[in-house]
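>>> quick one, structure for this:
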Amino acid sequence: MSKKVVIASSAGLGKKIQKWVEYWEERPGFFVVDWPKPIEKSRLAVEYPRVHQKFFQSITEADVLFVANEDKKGMEGYIGAETFAELTFAIAQNLVYGKKVQVILAKMPSEKVQSIYEIKLWLELGWIKIYE
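Below you'll find the model as predicted:
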């Protein structure tokens, strides 16, 4: 049975996200079920709630949440507010409901990333890990 992978990242990193989709799809025993896709700006208010709900539902069904925290805005390992919320949601599923979602970050975020304190703590607690 294949493990379901959800990739969290900034939707603006399309080509870099696609690289990770292909990477996970090529690994035996893994299947990518969802990843960020850009929404046309003129449709954002209409599409965003549905897309967001579907994405969080995908996380509830995931075996792996892979955070493709590529470099952005001059920060190595950028994690924005929305990706941090998705990461937190997966951890909360594990803590509250006993889920076993494996949370993996592509790389260690830089000290400039707003959530760096939490990331370091969660690494120390073993709630997340860095991709090797």
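>>> what residues are up against residue 36?
Residue 36 is in contact with 7-11, 13, 17, 55, counting by C-beta atoms under 8 Å, 6 or more residues apart in numbering. To be clear about C-beta, it is placed using only N, CA and C from the backbone, and glycine gets the same treatment.
>>> selecting buried members of those residues in PyMOL, what would you type?
Selection command for PyMOL covering only the buried members of these, criterion 16 or more other C-beta atoms under 10 Å:
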select buried, resi 7+8+9+10+13+17+55
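>>> among the contacts of residue 36, which pair sits farthest apart?
Taking C-beta to C-beta, the two most distant members of those are 13 and 55; they sit 15.2 Å apart.
>>> re the thing from before, now distance to residue 87 and secondary structure too, for the contacts of residue 36, in JSON lines please.
Below are the contacts of residue 36 laid out as JSON lines (distance: C-beta to C-beta, whole Å; DSSP: H, G, I helix; E, B strand; the rest coil):
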{"residue": "7", "distance to residue 87": "12", "secondary structure": "strand"}
{"residue": "8", "distance to residue 87": "6", "secondary structure": "strand"}
{"residue": "9", "distance to residue 87": "11", "secondary structure": "coil"}
{"residue": "10", "distance to residue 87": "13", "secondary structure": "coil"}
{"residue": "11", "distance to residue 87": "15", "secondary structure": "helix"}
{"residue": "13", "distance to residue 87": "15", "secondary structure": "helix"}
{"residue": "17", "distance to residue 87": "15", "secondary structure": "helix"}
{"residue": "55", "distance to residue 87": "12", "secondary structure": "helix"}
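>>> of the contacts of residue 36, which one scores lowest on pLDDT?
Minimum pLDDT across the contacts of residue 36 is recorded for residue 11, with 85.
>>> the closest residue to that residue other than its chain neighbours and residue 66: what is the separation?
Nearest residue to residue 11, sequence neighbours excluded (C-beta to C-beta, 6 or more residues apart in numbering): residue 36, at 3.9 Å. The gap separating residue 36 from residue 66 is 12 Å, by C-beta to C-beta, to the nearest Å.
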